[in-house]
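> What would the 3D arrangement of this be:
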Amino acid sequence: MRRSLRKAAAFSIVCSMAAASLAGCGGNKANETASTDAAENAKASQEADGTAQTKEAEKQEGEYIDYSQGFSENVTIQIPVYDRAYEGWNVTDNYYTNWIQKEFGDKYNITVDFVAIGRTTEVTDYTQMLAAGTAPDIIFHYDMPQALAYYGEGAMQELDLGEIAYYAPTYFDKMGETISRYGSVDGKPTLFFAGRTDAYNSVRLIRQDWLDKVNMEMPHSLEEYNAVLKAWKEAGLGNGGGYLIQNSFNFDYPFREWPIDEKERALYSDLSVAALPWQSTYEYLANLNYQYNNGLINPEFYLNTDEASTKADFVSGKSGVYTLYLSSSTDVISSLLGNEPEAKLAVMDPAALSPEGVMPQSRAYWPFGIIMGINQATSNEERAAIWLYLEWMSQTNNLFFLQNGVEGENYTLDADGLAVKDSDFAGESKLSQNNNKDYWCLVTEGVEYEKEELNYKANLANWAPTGYEYLIEDAYQYYNDYKEYMTVDALYSVVIESVAEYKTTLNDLWKELYVKCVMASEADFDTVYEQAVQEYLEAGYQEILDEKTEAIEAGNYN
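Numbers count the residues shown, from 1 in each chain. Here you go, the predicted model:
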């Protein structure tokens, strides 16, 4: 019954973004003295001094100043770094930030000033700093809609790809094609990216011992999964957990049609705003409504508003499933065993979330990691220093050190050249809990060795707690089994202004309407859902659909 509503608004993804031009641009920080007049005075001073840099600056248009020997006057760059509130870890002042300053900054006469960005308050932090003129030189986010929102606020400057290639040839050799293809906004090169490696450590753990107690095997469809939850309930073991979906909306992939309708996907699939009127969302909510009314999930799921609360349900034995990014340093398994020593775990088959006959879809990553732009207020010299920083970090030895630490302390090399970390090491050079990723994520999303088999071994070491390597092995198998059903969202090459305008309102309304739909009686579900859709459309979602339709018809997406 919902397909007519869905089809009425579906449109197409077809074209690629325009290749980025090589036009240069630059600005100056509002909170520093490098105004246009000051820049002219600095140039005049350089000419008077007859420095080598002045001679380089007098080269014909299209060439760049050579800073390979360092800047004649100190340049400060402000680099954002996620603050994940790890106990005992100072994200802006530690062994590795000091090492970066010594090995890179001092070499080029650059001061590297790290700026903490709260991982869970990221957008708020950036918004406040941009308003105050104190935002770092790099503005980043992991999702394109928010990156475009920053651009729409006038926060990012246009880039010169030739400049990046000149100052960061190693980095650009790897990422230049990706930047050219995906980095233009409104036809102007604006965004640059980190590299992307295959990741398969996002897993849903399931209590294998509970499956054994009810004499059931791993579920391979939604119907089988619901039967497992029912058996758990009847045996008095626990439920399927549950939480309040908010802020990031990829929950309905297991219910989407296959093969995909590219027009429909471009219109509805959006991490930043829930697609309440979409058929796949209807089917997701209908199943959750069934689970709620039959006591298969946490009856107070809506109170679980953060990862800590869902984790607490799992480790205390109240729920038998838990989704997380598995890492070798996670305490989820040890906490569970502390409460239930006989617990056994497995990685749940992703197909268990899809109805019988529906392909087990999931969101694929784009071929890049973190998305970055240069602050509109960043000066030409500061921008050049940032490219030098990316180039320095792209060198194998520097990246390896940031990812692994000091040989003989943090790790030892095995016969294959794999860094085997000492998980008990607690010395000065101890890595952060996510292996220092928040520093090296500017150039890559994962550890990379020259040989694929070493990458796999490294992933086992980084993602699997000791004794639980089989969890990553199984996750890798599922990843390969279902890889063809992983698809990406559309990337718009223009700002969808209505998303930024209505996002907050719709996200708040979604939480209310979604809970109302789930908690309705099964008999009333369709009526409650229809009323919710109408209210959602009138609150701004219709404007988003209309604006996306215009962009899609104009070919402004990738």
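> For the stretch 301-450 of the chain, just list every one of the strands.
321-325, 345-347, 362-363, 371-374, 411-413, 419-421 (DSSP state E, counting those that start in this stretch).
> just checking, what packs against the fifth one?
When you say that, I think you mean strand 411-413. Judged by 3 or more Cβ pairs under 8 Å, 6 or more residues apart in numbering; DSSP states H and E, strand 411-413 is in contact with strand 419-421. Every C-beta, even on glycine, is put in place using the N, C-alpha and C of the backbone.
> which residues are in contact with the strand it packs on?
Contacting residues not belonging to strand 419-421 are listed as 328, 400, 403-405, 407, 410-414, 431, 458, 461 [Cβ atoms under 8 Å, 6 or more residues apart in numbering].
> Partner strands of it and their direction?
strand 411-413 (antiparallel) (DSSP bridges).
> hang on, the earlier thing: could you redo the strands of the stretch 301-450 of the chain as TSV and give each row distance to residue 82?
Shown next, in TSV, are these (distance: least, Cβ to Cβ, whole Å):
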stretch	distance to residue 82
strand 321-325	14
strand 345-347	27
strand 362-363	21
strand 371-374	13
strand 411-413	23
strand 419-421	21
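> hey, least reliable of these by pLDDT?
When the strands of the stretch 301-450 of the chain are compared on mean pLDDT, strand 419-421 scores lowest, with a mean of 90.
> And that one, how far out from the chain middle?
Chain-centre distance of strand 419-421: 26 Å, with Cα atoms, centre = their mean, to the nearest Å.
> what do you get for stretch 127-147?
15 Å.
> Can you list the buried residues in that stretch?
Of all the residues in stretch 127-147, those buried under the rule 16 or more other Cβ atoms under 10 Å are 127, 129-130, 135-147.
> now do stretch 335-344
Neighbour-count burial for stretch 335-344 flags 336, 343 (criterion: 16+ other Cβ under 10 Å).
> In contact with the closest residue to residue 230 other than its chain neighbours, which residues are there?
In space, and not counting its chain neighbours, residue 230 is closest to residue 296: 6.3 Å by Cβ to Cβ, 6 or more residues apart in numbering. Residues in contact with residue 296 (Cβ under 8 Å, 6+ apart) are 226, 229-230, 233, 239-240, 290.
> mind running it again at 10 Å?
Residue 296 makes contact with 225-230, 232-233, 239-242, 287-288, 290 under the criterion Cβ atoms under 10 Å, 6 or more residues apart in numbering.
> and if you look at residue 190?
Counting by Cβ under 10 Å, 6+ apart, residue 190 makes contact with 20, 25, 147-148, 150-151, 156-159, 179, 183-184, 372-374, 493.
> before we move on, what about residue 533?
Residue 533 neighbours (Cβ under 10 Å, 6+ apart): 2, 5, 276-278, 281-282, 513, 517, 541.
> Leaving out sequence neighbours, find the closest residue to residue 284.
residue 252 (4.5 Å).
> before we move on, what about residue 495?
Per Cβ to Cβ, 6+ apart, closest to residue 495 is residue 152, 3.9 Å.
> Pull the number of nearby residues for residue 433.
Counted with other Cβ atoms under 10 Å, residues neighbouring residue 433 total 17.
> and if you look at residue 397?
When neighbours are counted by other Cβ under 10 Å, residue 397 comes out with 8.
> ok, it - contacts?
With Cβ under 10 Å, 6+ apart, residue 397 has these contacts: residue 103.
> Check it and give its pLDDT.
On pLDDT, residue 397 comes in at 96.
> so residue 218 touches residue 348, yeah?
Yes: if you go by Cβ atoms under 10 Å, residue 218 and residue 348 touch, sitting 7.0 Å apart.
> of these two, who's got more company?
Higher neighbour count among residue 218 and residue 348: residue 348, with 26 against 17, using other Cβ under 10 Å.
> Could you check how far the more buried one is from residue 145?
29 Å (Cβ to Cβ, to the nearest Å).
> Likewise for residue 440?
From residue 440 across to residue 145, the span is 25 Å (Cβ to Cβ).
> And for residue 168?
From residue 168 to residue 145 the distance is 27 Å (Cβ to Cβ).
> Please name the bridge partners of residue 113.
residue 78.
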